[in-house]
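Participant: Below is the sequence, then the predicted model.
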Amino acid sequence: MDLEKRPAEQPARHTPEQPPRQNPEGCLAVAIRIPVRIVVLVLVVPVRMVWDALVVAGRFLRDTVLRPVGRALAWILLMIGRVLFVWPWVALWRYVVVPVGRALGWLGNVLVVVPLVWLYRSVLTPLGHGIAWIARGIGAGLAWMYTRLLTPVGHAFLWVLRGVGAVLAAVGLGVYTALAWLARYLFVVPATWVYEWILTPVGHAVVWCAKGVGWLAGVIVTGVGTALYWIARILLVLPALAVWRWILTPVGRVLAVVGREIRDALGHAWRVAGHISLAVGRFLATLFRWIFVEPVRWVYRTVLTPVGHVIRDTVLRPAAEAARAVGRATRQALATARDSVRQARADFRRMLLGEPRRPEPVAHREPTGRETRTLGSSTTALTKD
């Protein structure tokens, strides 16, 4: 009997690392889950095994056939591309374009640059200096004419224009004042009176009538709209809302539960089928190794390797030594025959043309080697013996 008092259990607090437990699932999800997972597992296991077999076959085919063939094709295409495109263009650039460009550059230098430089230095430069000297003289003459002649004439003409402008401004001001007075009393005053006493009352009356017509049209449109709203709500919205709430929503929830269970069952079955396929593959690999690989390895180690060593030591090595000896003898015979032919050709040439002329020694102007210097000898002119 437990006499000690246990502490009251405190409610579990939810931490950020440990999310709160979800609500328990309904009976529909529990009833659907087991049959769906069984059926999906039965259907998915063969598909997963076929898929794994295809993946293994594809990887084997890729590593043993497609990748070497692809590399060979890539190398062949690269060589063909070089032969057809790169090498012709390189040869064209190296042996045609570069020499032609150098020749054209030399011709352009000789035919264009050198004459143009000579023309610029010998003709255009002196001509430009002469034109500049003439232009400076003409500029000095024009400056003197502007300062001594045109400036006084311009000042006098400006004074005359100022006087004429003052007279015309006075006349224009009087004419403008008269025209403004006539326009005010002939046009502005009558137009203001017509606007204030005729157009303004008529406009107010038209606006009042328009407001009344607008209010009447608004009342009619509001009544018609309210009637159409209640008709559409009773005939369309309420039935559609009832169908959505009492038929489509429950059916959608059931279908959502079924779809979620099918999705979870497919994922679970795919993972279980992967483990089953892996186990079957390992079993088949082990069986293949026991049935085929190990016997072949035993035959290779215990039978073929000793037989190969015996054949190598008794047949292949002596045959190779004999072949090398025959090759050495053949090379020596060919070398002897080549030397004999060369000597015979030299004797025949000497018999027909005589002995070849030997080059005469040329006297070099280099000093000959002196004897070794000793204590009793000297190389200077004063102490020379």
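Facilitator: Cool, got the structure. Numbering: from 1, shown residues only.

Participant: and residue 355, helix, strand or coil?
Facilitator: For residue 355, the assignment made with DSSP: H, G, I helix; E, B strand; the rest coil gives coil.

Participant: So for the helix or strand containing residue 141, mean pLDDT?
Facilitator: Element membership of residue 141, judged by DSSP states H and E, is helix 125-145. In this model, helix 125-145 carries a mean pLDDT of 88.

Participant: Counting neighbours, show which residues of that helix come out buried.
Facilitator: Within helix 125-145, no residue counts as buried by 16 or more other CB atoms under 10 Å. (Each C-beta comes from the backbone N, C-alpha and C, glycine too.)

Participant: Can you get me the centre-to-centre distance for stretch 323-333 and its chain?
Facilitator: 62 Å (CA atoms, centre = their mean, to the nearest Å).

Participant: Alpha carbons only: can I get that stretch in PDB?
Facilitator: Provided in PDB are the C-alpha atoms of stretch 323-333 (Å, rounded to 0.1, in the frame of the first residue of the first chain):
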ATOM      1  CA  ALA A 323      60.700 -14.500 -81.800                       C
ATOM      2  CA  ARG A 324      63.000 -11.900 -80.200                       C
ATOM      3  CA  ALA A 325      66.100 -13.800 -81.400                       C
ATOM      4  CA  VAL A 326      64.700 -14.000 -85.000                       C
ATOM      5  CA  GLY A 327      63.900 -10.300 -84.800                       C
ATOM      6  CA  ARG A 328      67.500  -9.400 -83.700                       C
ATOM      7  CA  ALA A 329      69.000 -11.600 -86.400                       C
ATOM      8  CA  THR A 330      66.700 -10.000 -89.000                       C
ATOM      9  CA  ARG A 331      67.600  -6.500 -87.900                       C
ATOM     10  CA  GLN A 332      71.300  -7.400 -88.000                       C
ATOM     11  CA  ALA A 333      71.000  -8.900 -91.500                       C
END
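
Participant: Identify each buried residue in the very next helix or strand once past the helix holding residue 141, please.
Facilitator: As assigned by DSSP H and E, the chain's next helix or strand after helix 125-145 is helix 151-183. Across helix 151-183, burial judged by 16+ other CB under 10 Å covers no residue at all.

Participant: Would you mind measuring from residue 158 to residue 120?
Facilitator: When CB to CB, to the nearest Å is the yardstick, residue 158 and residue 120 sit 48 Å from each other.

Participant: An error on my part: the question was meant for residue 98.
Facilitator: The gap separating residue 98 from residue 120 is 30 Å, by CB to CB.

Participant: And for residue 269?
Facilitator: The gap separating residue 269 from residue 120 is 92 Å, by CB to CB.

Participant: now the helices for the protein?
Facilitator: Along the chain, counting by DSSP state H, helices occupy 27-61, 67-81, 87-92, 98-108, 114-119, 125-145, 151-183, 189-194, 200-232, 238-243, 249-288, 294-299, 305-311, 317-353.

Participant: Comparing the ones you listed, which yields the minimum mean pLDDT?
Facilitator: Among those, helix 27-61 has the lowest mean pLDDT, at a mean of 77.

Participant: Of all the residues in that one, which ones are buried?
Facilitator: Buried residues in helix 27-61, counted by 16+ other CB under 10 Å: 32-33, 36-37, 40-41, 44-45, 48-49, 52.

Participant: just checking, what packs against it?
Facilitator: Packing partners of helix 27-61 (3 or more CB pairs under 8 Å, 6 or more residues apart in numbering; DSSP states H and E): helix 249-288.
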